[in-house]
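Trainee: build the 3D model from these lines:
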Amino acid sequence: MYKVVFNVEGKAPVEMQIGKGETLLEAARKAGVMIDSPCNGNGTCGKCRVRVTSGRVKSPMTTHLSEEDVQAGWVLACESVIVEDVTVSVPDAASAFQNQMQITGLSEGESKNIRYVRKKMLSLGMTEADSLRQEICALPEPSIDDNLADEERLKRYFRQHLGFSKVHIGLGVLRKLPDAFRENGFKVEVTYLKTSEDRAEILDVRPAAEKARVPYGIAIDIGTTSVSACLVDMTSYEIVAKASLGNAQAKYGADVINRIVHTEKPGGLKRLRDAVIEETINPLIGQMVQAQGITTEDIYTMCLAGNTTMTHLLLGINPDYLRREPFIPGANQPEEIKASEVGIRINPEGWVYLAPSVASYVGGDITAGVFAVPVWLQDEFTMLVDLGTNGEIVFGNKDFMMTCACSAGPAFEGGEISCGTRAIPGAIEEVTINDDDLKTVYKTIGGKDPVGVCGSGIIDLICEMKRTGIIDGRGRINKDIDNPRVRFDEYDIGRYYLCDKALDGVAQDVYITEVDIDSFIKAKGAVFSAIQTLLTSMDMPVEVLENVYVAGGIGSNIGIENAIALGMLPDIPVDKYYYIGNSSMQGCYLALTLNEGKAKIAELAGNMTYVELSVDPGYMDAFISACFIPHTDLSLFPSLAQ
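Mentor: Numbers count the residues shown, from 1 in each chain. Okay, here's the model as predicted:
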């Protein structure tokens, strides 16, 4: 056995004993230390960089590390076998995956869209959610003549005063009754769910206080890269807090396929389930309730949405058959479950609703997202493009909806990009490049010092590199450029420096390589070819599109013109595009606050026709043609040809 000490920036050292032949990445996972590994330890992404400060590991040569890196002690954790006691420095992985809580408000696009859609739905006859209720009950105290049990005493009140002939009280609430009744002279505050006209389910009983408590709900989008949530006052329907956190499953792979593969290892499914619930969702909830000055038991209802793999992993359902033809989910429409059943820390009697999936690669995040955008309300042909680790497309109007999914990879959220990051404070979100000296002019989120480039910044950056001639249509860097920001390493791989410690006096270098650009070109090619294939399957030209809603964690300042110039989005007028942020979380919020919301999401899921791109004969040709900037067929981009 060897002793391994992990020194994590900003945290106390973590020490553990590890067996012979194990890698630093395996040791870190056992120790609960977060090391980014988008490729799930296959040695292909180069993101799991750590620095050995004492001791020795056995590591092969790799193109992901320069000679200077190796001399400074840097290694890839996934390929470094422990051969003696070792101390390792784990950097703040801001350039790849930053597992830090971000508590913010809704973006302007999210707020505007929620207000519009909610108002529209109410005008169509939907009603404010009113099934979650609270009642102050002044119960008659027991006596020799009135000797009903506490349970029956509460049920009698509900029958006589509230008109419910059927009242359900679970074991967790029964255990509270004796003390709660007697603490304040049988005056109690009861939180209950009206499940039908004559049935109520008691969720909580507490001694009545001078001021009635507020019941809360929570809406959560479980993304492959990050998890976002908003806390909702269920009396006013106001969003009182919003937060996001990196999905801790990322240490088992950046994409769903790598995570599915990991579930086949002993204990793999439990590790992934624990990562999303215990390491991500529960800490998110804890931070929001703390900021609001309430407790987790004040949350009685939750709406969750995620892609089909995330839903399976959350529930502990074997996801392996999602990736094997004919790609069959274990469940598309799971029933609502008690929070205590799944291990989510809200009120144990609270209910958790999961938005239904359509197919293996079109999940509840899309059905909830479609609910939040007016595709199903419009006469005009409308499209939703959700840009995440998977790219999902929905096309249609109030009469029909077609949907498909493509494997874009994590590039749009900063994954598999050398200095990529999520849209966090310090992420470069807007970029221009000066023509004369090729110096970058950039804007970071929150005006913080640059820590990396998020999706919207990557789009701007690559577009500007093409415009200024730094790269060609294949994404190759021009070797004839004589500029200190353009360099080639010993493997002849080119890179461009947005921020350079020596040139710009910044704290860390931020750059992009030809390998990064190639990853992005494949991601944008997958999205465009999916859009093209979906429209072709309906024999419709791109000109039929009247509204295109762009959603996802790519960044709120996405430059639509640049996305078109790169060949990622169709060449239609820019004023037809709308960036709406996290449509999945918005859909969950609407489902929480509208009585008919959950039923409508289920209806939308049932009405979508799924197109499986992997068996479409034209998709691969369309994809290959789209892996060029902007495209091999310029007739598809008439504004660029001009």
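
Trainee: OK, contacts around the residue positioned nearest the centre of the chain?
Mentor: Centrality entry for the chain: nearest residue to the mean C-alpha point is Gly223, 2.2 Å, by C-alpha atoms, centre = their mean. Neighbouring residues of Gly223 by C-beta atoms under 8 Å, 6 or more residues apart in numbering: 247, 306, 310, 365, 388-389, 413, 553, 584. To be clear about C-beta, it is placed using only N, CA and C from the backbone, and glycine gets the same treatment.

Trainee: show me where the stretch 451-600 of the chain has helices.
Mentor: 455-467, 501-504, 514-537, 560-565, 583-593, 597-607 (DSSP state H, counting those that start in this stretch).

Trainee: tell me the most buried of those helices?
Mentor: helix 583-593 (a mean of 29; mean count of other C-beta atoms under 10 Å).

Trainee: just how off-centre is it within its chain?
Mentor: Relative to the centre of its chain, helix 583-593 is centred 14 Å away, using C-alpha atoms, centre = their mean, to the nearest Å.

Trainee: put the alpha carbons of it into PDB.
Mentor: Extracted C-alpha coordinates of helix 583-593, given in PDB (Å, rounded to 0.1, in the frame of the first residue of the first chain):
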ATOM      1  CA  SER A 583     -35.400  26.100 -21.300                       C
ATOM      2  CA  SER A 584     -35.400  22.800 -19.400                       C
ATOM      3  CA  MET A 585     -35.400  24.600 -16.000                       C
ATOM      4  CA  GLN A 586     -38.000  27.100 -17.200                       C
ATOM      5  CA  GLY A 587     -40.300  24.200 -18.300                       C
ATOM      6  CA  CYS A 588     -39.900  22.700 -14.800                       C
ATOM      7  CA  TYR A 589     -40.700  26.000 -13.200                       C
ATOM      8  CA  LEU A 590     -43.900  26.300 -15.300                       C
ATOM      9  CA  ALA A 591     -44.900  22.700 -14.400                       C
ATOM     10  CA  LEU A 592     -44.600  23.600 -10.700                       C
ATOM     11  CA  THR A 593     -46.700  26.700 -10.900                       C
END
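
Trainee: quick one, that helix and helix 597-607 angle?
Mentor: 130 degrees (axes from the mean of the first three to the mean of the last three C-alpha atoms, to 10 degrees).

Trainee: mind checking which helix or strand of this protein has the lowest mean pLDDT?
Mentor: When the helices and strands of the chain are scored by mean pLDDT, DSSP states H and E, strand 102-104 comes last with a mean of 60.

Trainee: quick check: chain neighbours aside, which residue is closest to Ile239?
Mentor: Cys230 (4.8 Å; C-beta to C-beta, 6 or more residues apart in numbering).

Trainee: using PDB, list the CA coordinates for the helix or strand containing that neighbour.
Mentor: If you go by DSSP states H and E, Cys230 is part of strand 226-233. The C-alpha trace of strand 226-233 is given here as PDB (Å, rounded to 0.1, in the frame of the first residue of the first chain):
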ATOM      1  CA  SER A 226     -23.900  21.200 -15.000                       C
ATOM      2  CA  VAL A 227     -27.000  21.200 -12.900                       C
ATOM      3  CA  SER A 228     -29.200  24.300 -12.500                       C
ATOM      4  CA  ALA A 229     -32.000  24.900 -10.000                       C
ATOM      5  CA  CYS A 230     -34.400  27.600  -9.000                       C
ATOM      6  CA  LEU A 231     -36.300  27.800  -5.600                       C
ATOM      7  CA  VAL A 232     -39.900  28.900  -5.900                       C
ATOM      8  CA  ASP A 233     -42.200  30.400  -3.400                       C
END
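
Trainee: coming back round to it: neighbouring contacts of the helix or strand following the least confident helix or strand of the chain?
Mentor: Next in sequence after strand 102-104, counting helices and strands by DSSP H and E, comes helix 108-123. Identification of contacts with helix 108-123 by C-beta under 8 Å, 6+ apart yields 106, 128, 372-374, 377, 556, 578-583, 585-586, 589-590, 593-594.

Trainee: any low-confidence regions in the stretch 151-300 of the chain?
Mentor: Filtered on pLDDT under 70, the stretch 151-300 of the chain yields no residues whatsoever.

Trainee: same check on the stretch 351-500 of the chain?
Mentor: In the stretch 351-500 of the chain, no residues with pLDDT under 70.

Trainee: for it, just list every one of the strands.
Mentor: Taking DSSP state E, counting those that start in this stretch as the test, the strands found in the stretch 351-500 of the chain are 351-354, 382-387, 391-396, 401-406, 427-433, 440-444, 452-453, 486-488, 494-499.

Trainee: before we move on, what about the stretch 101-250 of the chain?
Mentor: Under DSSP E, counting those that start in this stretch, the stretch 101-250 of the chain gives strands at 102-104, 132-138, 166-169, 187-196, 199-207, 216-222, 226-233, 239-246.

Trainee: closest one to Ile462 among those strands?
Mentor: strand 226-233 (22.2 Å; C-beta to C-beta).

Trainee: so which elements touch the closest one?
Mentor: strand 216-222, strand 239-246, helix 282-292, helix 583-593 (3 or more C-beta pairs under 8 Å, 6 or more residues apart in numbering; DSSP states H and E).

Trainee: and stretch 305-319, what's buried?
Mentor: 305-317, 319 (16 or more other C-beta atoms under 10 Å).

Trainee: next one: stretch 613-626
Mentor: Applying a neighbour-count criterion of 16+ other C-beta under 10 Å, one finds 613, 616, 619, 622-623, 625-626 buried in stretch 613-626.

Trainee: export only the CA atoms of it, formatted as PDB.
Mentor: Extracted in PDB, the C-alpha atoms of stretch 613-626 (Å, rounded to 0.1, in the frame of the first residue of the first chain):
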ATOM      1  CA  LEU A 613     -30.200  10.000 -37.100                       C
ATOM      2  CA  SER A 614     -27.900   7.000 -36.800                       C
ATOM      3  CA  VAL A 615     -30.000   5.100 -39.300                       C
ATOM      4  CA  ASP A 616     -30.800   8.000 -41.600                       C
ATOM      5  CA  PRO A 617     -29.000   7.300 -44.900                       C
ATOM      6  CA  GLY A 618     -28.200  10.900 -45.600                       C
ATOM      7  CA  TYR A 619     -27.000  12.000 -42.100                       C
ATOM      8  CA  MET A 620     -23.400  10.900 -42.300                       C
ATOM      9  CA  ASP A 621     -22.900  12.600 -45.700                       C
ATOM     10  CA  ALA A 622     -24.500  15.800 -44.300                       C
ATOM     11  CA  PHE A 623     -22.200  15.600 -41.200                       C
ATOM     12  CA  ILE A 624     -19.000  15.200 -43.200                       C
ATOM     13  CA  SER A 625     -20.000  18.100 -45.500                       C
ATOM     14  CA  ALA A 626     -20.600  20.300 -42.400                       C
END
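
Trainee: quick check, the residue nearest to Ile239 in contact with Ala219.
Mentor: Yes - distance between Cys230 and Ala219: 5.2 Å, which falls inside the contact criterion (C-beta atoms under 8 Å).

Trainee: have a look at the two and say which one is more surrounded.
Mentor: Taking other C-beta atoms under 10 Å, Cys230 and Ala219 do not tie; Ala219 has more neighbours (29 against 26).

Trainee: the more buried one: what's it in contact with?
Mentor: 229-230, 232, 302-303, 585, 588-589, 591-592.

Trainee: repeat for Met126
Mentor: 594-597, 600.

Trainee: and for Glu392?
Mentor: Per C-beta under 8 Å, 6+ apart, neighbours of Glu392: 307, 361-362, 365-366, 384-386, 403-406.

Trainee: measure it to Val362 for me?
Mentor: Here Glu392 is placed at a distance of 6 Å from Val362 (C-beta to C-beta, to the nearest Å).

Trainee: what do those two both touch?
Mentor: Residues touching both Glu392 and Val362 (C-beta under 8 Å, 6+ apart): 307, 403-405.

Trainee: which one (most neighbours) among the residues you listed?
Mentor: Neighbour counts for the shared contacts of Glu392 and Val362 peak at Asn307, which has 28 neighbours (criterion: other C-beta under 10 Å).
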